[in-house]
Structures are given as C-alpha cells and as structure tokens.
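# Here is a sequence together with a model predicted from it:
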Amino acid sequence: MRKIVRIIAIVMLTASFTACEELAQLANQAAQVINLKNCIFDVNGISQINMLGIDLSKGMNKNNLNATQLLNVTTSLLNRQLPVSFNVNIDVDNPNSIAASLGKMDYIIALNNKEIISSTFTQGFSIPANSQGKISIPISTDLFQLFSGETADAILNLAFKLAGAQSDPVNLGVKVKPYIKVNNQSLAYPDFITINKVLQ
C-alpha cells in the first residue's frame, strides 16, 4: 500500500513539474512575441544593384555605360528582358531590455505598387537588447517582364533609379512577417508589417 502511495505521489509531483514547465514555456513564448511586437522595422534602401552583370554604382545612369555594356542592354531590351538583382536593406530596432530573436521572415517586395517577389527569408538572427540589427534580402527579377506595359526607356530608367540616378521617384513597398522559434515551434507576428519608402 505504501509503495502505491509513493508511486502516486511521484506521478503527481512529476505532473506538477511538467505543468509548471509548460506554463514557463508559454510565458517565455508570450514574452518573446511581445518583444518582437515592440521591434520597429524600417527600409534602409537598396544596395548591390546588378543589371546584366553590370554593377550599378551610386548615381549611375545609362550615359555612364561603355559601348559594350550599352550594346548588351539594347539587345536585352529588344529581347524584352532586363534581369536585375539587388538587396533590400531593412533596419530592425529592438527597444526591449532583452534580445529579440527571429527564426525566419516572410516578405513581399513591390516596386511602384507592382509585386516583384513573395518569399521567405530563412536565415535566423538575433537583435541584442536596446540595439539595431540589419537584414539584407536578396532579390532577383526581370523588370521587363514585370513592367511590360511600360516603354523600354522607362524600364531602363527604373533600373538606374534603384541605383539612385536622377529620374521619377520610385515607390518601394515592403511587407514583412517575422517569426520567432520557441521550443521548436515557429510563432508568427500577428500580421504583415507594411513599410513604404520613396526612392527620390
């Protein structure tokens, strides 16, 4: 009889510890979600713009292309293609007193209200307490396919605008949904965070 009582006591104690551990995990999850919700996301611009293998430096325009580059661009446009790649840089400000960790992040990128990509950034990272972190999202797309209704000149100008050339402003729209990983579970931010930046 004593042995049975002892076993029951051990089972109850174990159950109590398990319940306490689950409550602690839930509290930890809730705290991390709150920390993440307090973080501020902002677009810091575009960098490392590449068009047809040409690195577009800051302020570069089509007049800066050499003869070979200009021929390649013209040929590409005649073939209704203009592949570009670039990084969208996002600042994340963590005002919390403890670090905020992100396991992954869904994102949607748009140029002039035209969605160019929707994907997931799978590289996890942590932003220290009261600090700012940076995320660079690599983008590859074909501007001609996206803006087929525009003139070849307008599409080419858009590519150079990404590098900061003087032309019409371009609206860069970014939507992000960050996730944190707690106890092998991914917890998402309640909704997409929308960030807009006008490239003047």
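Alright, I've got the coordinates.
# Make sure Asn38 is actually in contact with Pro95.
Yes. At 5.8 Å, Asn38 counts as touching Pro95 under the criterion of CB atoms under 8 Å. Bear in mind the C-beta positions are built from the backbone N, C-alpha and C, glycine included.
# how about low-confidence regions in the protein?
1-34, 182 (pLDDT under 70).
# Flag every buried residue along stretch 187-198.
Residues of stretch 187-198 classed as buried: Leu187, Ala188, Tyr189, Ile193, Ile195, Lys197 (neighbour count, 16 or more other CB atoms under 10 Å).
# cool, and stretch 129-143?
By 16+ other CB under 10 Å, the buried positions in stretch 129-143 come out as Gly133, Ile135, Ser136, Ile137, Ile139, Thr141, Asp142, Leu143.
# mind saving the C-alpha coords of it as CSV?
Output in CSV follows, covering the C-alpha atoms of stretch 129-143 (Å, rounded to 0.1, in the frame of the first residue of the first chain):
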residue,chain,number,x,y,z
ALA,A,129,18.7,44.4,-26.3
ASN,A,130,18.4,48.2,-27.0
SER,A,131,20.2,47.8,-30.3
GLN,A,132,19.6,47.9,-34.0
GLY,A,133,20.1,45.0,-36.4
LYS,A,134,20.1,44.8,-40.2
ILE,A,135,18.6,42.4,-42.7
SER,A,136,19.6,42.3,-46.4
ILE,A,137,17.0,40.5,-48.6
PRO,A,138,18.5,39.4,-51.9
ILE,A,139,16.1,40.0,-54.9
SER,A,140,16.4,38.7,-58.4
THR,A,141,13.7,39.7,-61.0
ASP,A,142,13.2,40.7,-64.6
LEU,A,143,12.0,44.3,-64.8
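# hey, where'd the helices end up in the chain?
2-38, 67-78, 143-146, 152-162 (DSSP state H).
# mind checking how far Val198 is from Asn79?
Distance of Val198 to Asn79, computed by CB to CB, to the nearest Å: 31 Å.
# what does stretch 145-164 contact?
Residues from elsewhere that reach stretch 145-164, judged by CB atoms under 8 Å, 6 or more residues apart in numbering: 46, 49, 51, 56-62, 73, 77, 80-82, 84, 86, 111-112, 114, 116, 143-144, 165, 167-168, 170, 199.
# Just the buried residues of the residues you listed.
The neighbour count (16+ other CB under 10 Å) marks 46, 49, 51, 56, 60-61, 73, 77, 82, 84, 86, 111-112, 116, 143-144, 165, 170, 199 as buried among those.
# out of the residues you listed, which are inside strands?
Ile46, Ile49, Met51, Val84, Phe86, Leu111, Ile116, Val170, Leu199 (DSSP state E).
# The last one and Gly173 touch, don't they?
No. In this structure, Leu199 is not within contact of Gly173 by CB under 8 Å, at 11.2 Å.
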